[in-house]
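How does the following fold in three dimensions:
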Amino acid sequence: MSTIGFIGLGNMGLPMATNLVKAGHEVLGFDMSPEVLEAAKEASIITCATAADAASEAETTITMLPNGEILLSVMAEITSVTPKGALLIDCSTVDVESAKTFHAQAATAGLGSIDCPVSGGIGGATAGTLTFMIGGSEADCKRAEPILDILGGRQVRCGESGAGQAAKICNNMLLATTMVGVGEAFSLGKKLDLDPQALYDVMSTSSGSCWSINTYCPVAGVGPTTPADNDFKPGFASSLMIKDASLAQVAADSAGQATPMGSRALELYKEFAAQSEEDVDFSGIITWLEDLNRG
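Residues are numbered from 1 along each chain as shown. Sure, this is the predicted structure:
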(Lines give C-alpha, C1' and ligand atoms only; values in the text may rest on other atoms or scores of the structure.)
Protein backbone atom coordinates (compact mmCIF):
# COMPACT_ATOMS: atom_id res chain seq x y z
CA MET A 1 0.00 0.00 0.00
CA SER A 2 1.13 3.56 -0.64
CA THR A 3 1.48 6.87 1.17
CA ILE A 4 -1.15 9.38 0.10
CA GLY A 5 -1.30 13.08 0.93
CA PHE A 6 -4.78 14.54 1.31
CA ILE A 7 -5.22 18.32 1.43
CA GLY A 8 -8.70 19.57 2.29
CA LEU A 9 -10.52 17.36 4.79
CA GLY A 10 -13.94 19.00 4.75
CA ASN A 11 -17.36 17.41 4.25
CA MET A 12 -16.18 15.54 1.16
CA GLY A 13 -12.47 15.18 1.81
CA LEU A 14 -12.65 13.57 5.24
CA PRO A 15 -14.82 10.58 4.27
CA MET A 16 -12.76 10.10 1.11
CA ALA A 17 -9.51 10.09 3.09
CA THR A 18 -11.08 7.77 5.66
CA ASN A 19 -11.93 5.25 2.94
CA LEU A 20 -8.30 5.29 1.80
CA VAL A 21 -7.19 4.50 5.35
CA LYS A 22 -9.71 1.67 5.55
CA ALA A 23 -8.24 0.27 2.33
CA GLY A 24 -4.82 0.07 3.99
CA HIS A 25 -3.12 3.23 2.72
CA GLU A 26 -1.15 5.58 4.95
CA VAL A 27 -2.83 8.97 4.62
CA LEU A 28 -1.12 12.24 5.54
CA GLY A 29 -3.83 14.86 5.92
CA PHE A 30 -3.99 18.63 6.18
CA ASP A 31 -6.82 21.09 6.67
CA MET A 32 -6.99 24.67 7.90
CA SER A 33 -9.58 23.76 10.57
CA PRO A 34 -8.30 22.43 13.92
CA GLU A 35 -11.67 20.76 14.52
CA VAL A 36 -11.43 18.91 11.23
CA LEU A 37 -7.90 17.76 12.03
CA GLU A 38 -9.15 16.32 15.32
CA ALA A 39 -11.81 14.38 13.44
CA ALA A 40 -9.13 13.20 11.01
CA LYS A 41 -7.03 11.83 13.87
CA GLU A 42 -10.01 9.82 15.07
CA ALA A 43 -10.19 8.31 11.58
CA SER A 44 -6.51 7.22 11.82
CA ILE A 45 -5.33 9.88 9.37
CA ILE A 46 -1.84 11.20 10.16
CA THR A 47 -2.38 14.93 10.51
CA CYS A 48 0.18 17.46 9.28
CA ALA A 49 0.93 21.07 10.20
CA THR A 50 1.08 22.30 6.59
CA ALA A 51 0.00 21.27 3.10
CA ALA A 52 3.67 20.88 2.20
CA ASP A 53 4.13 18.36 5.00
CA ALA A 54 1.21 16.30 3.69
CA ALA A 55 2.68 16.17 0.18
CA SER A 56 6.40 15.89 0.90
CA GLU A 57 6.46 12.10 1.42
CA ALA A 58 3.47 11.10 -0.67
CA GLU A 59 3.47 9.06 -3.86
CA THR A 60 0.06 10.56 -4.60
CA THR A 61 -1.47 13.77 -3.28
CA ILE A 62 -5.18 14.49 -3.49
CA THR A 63 -6.62 17.98 -3.12
CA MET A 64 -10.24 18.79 -2.33
CA LEU A 65 -10.42 22.58 -2.05
CA PRO A 66 -13.07 25.34 -2.25
CA ASN A 67 -11.95 27.21 -5.37
CA GLY A 68 -9.27 27.73 -8.00
CA GLU A 69 -7.47 30.48 -6.14
CA ILE A 70 -6.90 28.26 -3.11
CA LEU A 71 -5.90 25.33 -5.33
CA LEU A 72 -3.18 27.35 -7.05
CA SER A 73 -2.01 28.73 -3.70
CA VAL A 74 -1.61 25.17 -2.43
CA MET A 75 0.19 24.20 -5.62
CA ALA A 76 2.70 26.99 -5.04
CA GLU A 77 3.34 25.51 -1.61
CA ILE A 78 3.65 21.83 -2.47
CA THR A 79 5.23 21.49 -5.93
CA SER A 80 8.79 22.13 -4.75
CA VAL A 81 8.60 19.49 -1.98
CA THR A 82 6.52 16.79 -3.68
CA PRO A 83 8.70 13.84 -4.79
CA LYS A 84 9.52 13.91 -8.50
CA GLY A 85 7.21 11.70 -10.49
CA ALA A 86 4.45 11.74 -7.89
CA LEU A 87 0.85 12.07 -9.02
CA LEU A 88 -1.42 14.99 -8.12
CA ILE A 89 -5.17 14.35 -8.16
CA ASP A 90 -7.33 17.45 -7.82
CA CYS A 91 -10.88 16.55 -6.84
CA SER A 92 -11.96 20.16 -6.26
CA THR A 93 -14.55 21.83 -8.45
CA VAL A 94 -12.84 24.91 -9.93
CA ASP A 95 -12.87 26.99 -13.09
CA VAL A 96 -11.39 25.43 -16.22
CA GLU A 97 -8.53 27.93 -16.49
CA SER A 98 -7.38 27.20 -12.93
CA ALA A 99 -7.46 23.48 -13.75
CA LYS A 100 -5.26 24.03 -16.80
CA THR A 101 -2.83 26.11 -14.74
CA PHE A 102 -2.76 23.30 -12.14
CA HIS A 103 -1.69 20.85 -14.85
CA ALA A 104 0.94 23.24 -16.21
CA GLN A 105 2.45 23.79 -12.77
CA ALA A 106 2.55 20.07 -12.12
CA ALA A 107 4.28 19.39 -15.44
CA THR A 108 6.89 22.08 -14.76
CA ALA A 109 7.65 20.40 -11.42
CA GLY A 110 7.98 16.94 -12.99
CA LEU A 111 4.71 15.66 -11.53
CA GLY A 112 1.80 13.77 -13.02
CA SER A 113 -1.64 15.34 -12.70
CA ILE A 114 -5.34 14.87 -13.32
CA ASP A 115 -8.24 17.22 -12.68
CA CYS A 116 -10.85 14.96 -11.20
CA PRO A 117 -14.01 16.63 -9.85
CA VAL A 118 -16.62 14.34 -8.35
CA SER A 119 -20.35 13.78 -8.35
CA GLY A 120 -22.25 11.96 -5.63
CA GLY A 121 -22.21 14.31 -2.65
CA ILE A 122 -21.38 13.48 0.95
CA GLY A 123 -23.29 10.22 0.76
CA GLY A 124 -21.22 9.07 -2.20
CA ALA A 125 -17.99 10.17 -0.54
CA THR A 126 -18.86 8.16 2.57
CA ALA A 127 -20.04 5.08 0.70
CA GLY A 128 -17.18 5.16 -1.82
CA THR A 129 -19.57 5.44 -4.77
CA LEU A 130 -18.49 8.75 -6.30
CA THR A 131 -18.36 9.37 -10.03
CA PHE A 132 -15.12 10.97 -11.26
CA MET A 133 -14.94 13.21 -14.32
CA ILE A 134 -11.28 13.20 -15.32
CA GLY A 135 -9.04 15.44 -17.38
CA GLY A 136 -5.43 14.55 -18.08
CA SER A 137 -3.20 12.22 -20.03
CA GLU A 138 -4.18 8.58 -20.51
CA ALA A 139 -1.07 7.52 -18.60
CA ASP A 140 -1.85 9.66 -15.54
CA CYS A 141 -5.50 8.56 -15.58
CA LYS A 142 -4.31 4.94 -15.60
CA ARG A 143 -2.01 5.61 -12.66
CA ALA A 144 -4.91 7.05 -10.66
CA GLU A 145 -7.29 4.14 -11.25
CA PRO A 146 -6.38 2.00 -8.19
CA ILE A 147 -6.94 4.93 -5.84
CA LEU A 148 -10.10 6.15 -7.52
CA ASP A 149 -11.48 2.59 -7.46
CA ILE A 150 -11.48 2.84 -3.66
CA LEU A 151 -13.28 6.17 -3.66
CA GLY A 152 -15.86 5.73 -6.39
CA GLY A 153 -17.89 3.50 -8.58
CA ARG A 154 -17.30 5.14 -11.95
CA GLN A 155 -14.45 6.93 -13.71
CA VAL A 156 -14.90 8.78 -17.00
CA ARG A 157 -11.91 10.26 -18.79
CA CYS A 158 -13.33 13.33 -20.51
CA GLY A 159 -10.18 14.49 -22.31
CA GLU A 160 -6.95 16.37 -21.66
CA SER A 161 -6.22 18.99 -19.00
CA GLY A 162 -9.30 20.82 -17.75
CA ALA A 163 -11.76 18.43 -19.39
CA GLY A 164 -12.89 16.98 -16.08
CA GLN A 165 -13.84 20.42 -14.80
CA ALA A 166 -15.58 21.27 -18.07
CA ALA A 167 -17.70 18.11 -17.82
CA LYS A 168 -18.54 18.77 -14.16
CA ILE A 169 -19.82 22.30 -14.73
CA CYS A 170 -21.87 21.24 -17.78
CA ASN A 171 -23.40 18.41 -15.76
CA ASN A 172 -24.25 20.61 -12.79
CA MET A 173 -25.66 23.39 -14.96
CA LEU A 174 -28.06 20.76 -16.31
CA LEU A 175 -28.77 19.52 -12.79
CA ALA A 176 -29.67 23.05 -11.64
CA THR A 177 -32.12 23.49 -14.51
CA THR A 178 -33.77 20.08 -14.12
CA MET A 179 -34.25 20.49 -10.36
CA VAL A 180 -35.96 23.85 -10.92
CA GLY A 181 -38.20 22.22 -13.52
CA VAL A 182 -39.03 19.31 -11.23
CA GLY A 183 -39.83 21.71 -8.39
CA GLU A 184 -42.14 23.70 -10.68
CA ALA A 185 -43.92 20.55 -11.86
CA PHE A 186 -44.62 19.27 -8.35
CA SER A 187 -45.63 22.78 -7.19
CA LEU A 188 -48.14 23.06 -10.05
CA GLY A 189 -49.37 19.53 -9.37
CA LYS A 190 -49.99 20.50 -5.74
CA LYS A 191 -52.06 23.53 -6.80
CA LEU A 192 -54.04 21.25 -9.13
CA ASP A 193 -54.77 18.84 -6.23
CA LEU A 194 -52.68 16.03 -7.71
CA ASP A 195 -51.38 13.33 -5.38
CA PRO A 196 -47.56 13.76 -5.45
CA GLN A 197 -47.07 10.00 -5.46
CA ALA A 198 -49.26 9.67 -8.53
CA LEU A 199 -47.41 12.50 -10.25
CA TYR A 200 -44.08 10.85 -9.37
CA ASP A 201 -45.31 7.53 -10.77
CA VAL A 202 -46.14 9.27 -14.04
CA MET A 203 -43.07 11.48 -14.42
CA SER A 204 -40.51 8.91 -13.28
CA THR A 205 -41.62 6.47 -15.99
CA SER A 206 -42.47 8.79 -18.88
CA SER A 207 -40.97 11.64 -20.88
CA GLY A 208 -40.32 13.79 -17.80
CA SER A 209 -38.04 11.15 -16.28
CA CYS A 210 -34.68 12.46 -15.03
CA TRP A 211 -32.25 12.07 -12.12
CA SER A 212 -33.86 14.97 -10.24
CA ILE A 213 -37.10 12.96 -10.15
CA ASN A 214 -36.05 9.32 -10.10
CA THR A 215 -33.14 9.52 -7.67
CA TYR A 216 -33.40 12.85 -5.87
CA CYS A 217 -37.11 13.66 -5.76
CA PRO A 218 -37.66 16.89 -3.77
CA VAL A 219 -40.95 15.70 -2.22
CA ALA A 220 -40.88 13.94 1.16
CA GLY A 221 -42.16 10.38 1.17
CA VAL A 222 -42.03 10.02 -2.60
CA GLY A 223 -39.45 7.87 -4.37
CA PRO A 224 -36.10 6.95 -2.78
CA THR A 225 -35.05 8.62 0.48
CA THR A 226 -33.61 12.08 -0.26
CA PRO A 227 -32.85 15.30 1.67
CA ALA A 228 -36.57 16.13 1.30
CA ASP A 229 -37.16 13.39 3.89
CA ASN A 230 -34.73 15.09 6.29
CA ASP A 231 -35.90 18.73 6.26
CA PHE A 232 -33.62 19.39 3.28
CA LYS A 233 -30.43 19.02 5.29
CA PRO A 234 -27.70 19.19 2.65
CA GLY A 235 -26.46 16.33 0.65
CA PHE A 236 -25.45 19.00 -1.88
CA ALA A 237 -25.92 22.47 -0.43
CA SER A 238 -27.54 25.32 -2.36
CA SER A 239 -24.36 27.38 -1.94
CA LEU A 240 -22.43 24.68 -3.80
CA MET A 241 -24.99 24.63 -6.59
CA ILE A 242 -24.65 28.40 -6.90
CA LYS A 243 -20.87 28.01 -7.04
CA ASP A 244 -21.03 25.38 -9.80
CA ALA A 245 -23.71 27.19 -11.79
CA SER A 246 -21.62 30.37 -11.57
CA LEU A 247 -18.57 28.51 -12.88
CA ALA A 248 -20.69 27.32 -15.80
CA GLN A 249 -21.60 30.91 -16.65
CA VAL A 250 -17.94 31.97 -16.47
CA ALA A 251 -17.12 29.17 -18.89
CA ALA A 252 -20.06 30.07 -21.15
CA ASP A 253 -18.92 33.70 -21.28
CA SER A 254 -15.38 32.61 -22.12
CA ALA A 255 -16.61 30.29 -24.88
CA GLY A 256 -19.15 32.78 -26.24
CA GLN A 257 -21.97 30.26 -25.75
CA ALA A 258 -25.45 31.41 -24.71
CA THR A 259 -26.98 29.31 -21.92
CA PRO A 260 -30.34 30.97 -21.20
CA MET A 261 -31.72 28.12 -19.09
CA GLY A 262 -28.50 27.76 -17.09
CA SER A 263 -28.32 31.51 -16.56
CA ARG A 264 -31.91 31.70 -15.36
CA ALA A 265 -31.48 28.70 -13.03
CA LEU A 266 -28.53 30.46 -11.41
CA GLU A 267 -30.62 33.60 -10.89
CA LEU A 268 -33.40 31.55 -9.27
CA TYR A 269 -30.98 29.77 -6.94
CA LYS A 270 -29.51 33.11 -5.88
CA GLU A 271 -33.01 34.45 -5.13
CA PHE A 272 -33.83 31.29 -3.18
CA ALA A 273 -30.60 31.49 -1.16
CA ALA A 274 -31.15 35.17 -0.37
CA GLN A 275 -34.51 34.35 1.22
CA SER A 276 -33.34 31.22 3.09
CA GLU A 277 -32.21 31.42 6.68
CA GLU A 278 -29.76 28.53 6.28
CA ASP A 279 -27.86 26.73 3.55
CA VAL A 280 -30.26 23.90 2.74
CA ASP A 281 -29.96 21.22 0.10
CA PHE A 282 -30.32 22.52 -3.46
CA SER A 283 -33.49 20.46 -3.94
CA GLY A 284 -35.07 22.62 -1.23
CA ILE A 285 -35.72 25.25 -3.89
CA ILE A 286 -39.11 23.53 -4.28
CA THR A 287 -40.23 25.09 -0.99
CA TRP A 288 -39.55 28.54 -2.43
CA LEU A 289 -41.16 27.72 -5.77
CA GLU A 290 -44.32 26.55 -4.01
CA ASP A 291 -44.71 30.00 -2.45
CA LEU A 292 -44.38 31.86 -5.74
CA ASN A 293 -47.62 33.22 -7.17
CA ARG A 294 -48.28 34.16 -10.75
CA GLY A 295 -48.57 37.93 -11.10
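
from here on, contacts and neighbour counts on C-alpha atoms
OK.

Next one: Gly153 from Ile78, what distance?
The spacing between Gly153 and Ile78, counted by CA to CA, to the nearest Å, is 29 Å.

Neighbour count for the two, which is higher?
Per other CA atoms under 10 Å, whichever of Gly153 and Ile78 has more neighbours is Ile78, with 21 against 15.

Which residue, other than its chain neighbours, is closest to the more buried one?
Ala52 (4.8 Å; CA to CA, 6 or more residues apart in numbering).

How about the contacts made by that neighbour?
77-78, 81-82 (CA atoms under 8 Å, 6 or more residues apart in numbering).

Just say helix, strand or coil for it.
Following DSSP: H, G, I helix; E, B strand; the rest coil, Ala52 is assigned to helix.

separation between it and Ala251?
Relative to Ala251, and taking CA to CA, Ala52 is found at 31 Å.

ok, residues contacting stretch 148-168?
With CA under 8 Å, 6+ apart as the contact definition, stretch 148-168 has outside contacts at 16, 19-20, 23, 93-97, 99-100, 103, 114-119, 124-125, 128-137, 141.

ditto for stretch 254-261
By CA under 8 Å, 6+ apart, stretch 254-261 touches 177, 249, 252.

ok, so of those, who is nearest Asp281?
For these, the minimum distance to Asp281 (CA to CA) is 14.9 Å, reached by Thr177.

Sort out which residues of the helix or strand where the closest one lies are buried, please.
Assigned by DSSP states H and E, Thr177 falls within helix 163-191. By neighbour count on 16 or more other CA atoms under 10 Å, the buried set for helix 163-191 is 163-170, 172-187.

Which secondary structure elements does whichever helix or strand comes after that helix sit against?
Using DSSP H and E, the next helix or strand after helix 163-191 towards the C-terminus is helix 196-203. Contacting helix 196-203 under the criterion 3 or more CA pairs under 8 Å, 6 or more residues apart in numbering; DSSP states H and E are the following elements: helix 163-191.

the longest strand in the protein is where?
In terms of residue count, the longest strand belonging to the chain (DSSP state E) is strand 152-159.

can you map out the helices along the chain?
Remark: helices assigned in the chain by DSSP state H are 13-22, 34-42, 51-55, 68-78, 96-108, 121-127, 138-151, 163-191, 196-203, 211-214, 238-255, 260-274, 285-291.

How is the protein partitioned into domains?
3-161, 166-291 (automatic domain parsing).

Can you measure across the first one, start residue to end residue?
Which is domain 3-161. 25 Å.

And the helices of the chain: which comes nearest Thr225?
Thr225 lies closest, by CA to CA, to one member of the helices of the chain: helix 211-214, at 10.6 Å.

hang on, the earlier thing: quick one: which of the contacts of stretch 254-261 is nearest Ala274?
Nearest to Ala274 among those, with distances taken as CA to CA, is Thr177, at 18.4 Å.

if I pick the closest residue to that closest one other than its chain neighbours, what's in contact with it?
Ranked by CA to CA, 6+ apart and with sequence neighbours excluded, the top spatial neighbour of Thr177 is Ala265, at 5.5 Å. Residues near Ala265 by CA under 8 Å, 6+ apart: 176-177, 180.

Write the PyMOL selection for whichever of the contacts of stretch 148-168 are buried.
In PyMOL, this line selects whichever of the contacts of stretch 148-168 come out buried by 16+ other CA under 10 Å:
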select buried, resi 16+19+20+93+94+95+96+99+100+103+114+115+116+117+118+119+124+125+128+129+130+131+132+133+134+135+136+137+141
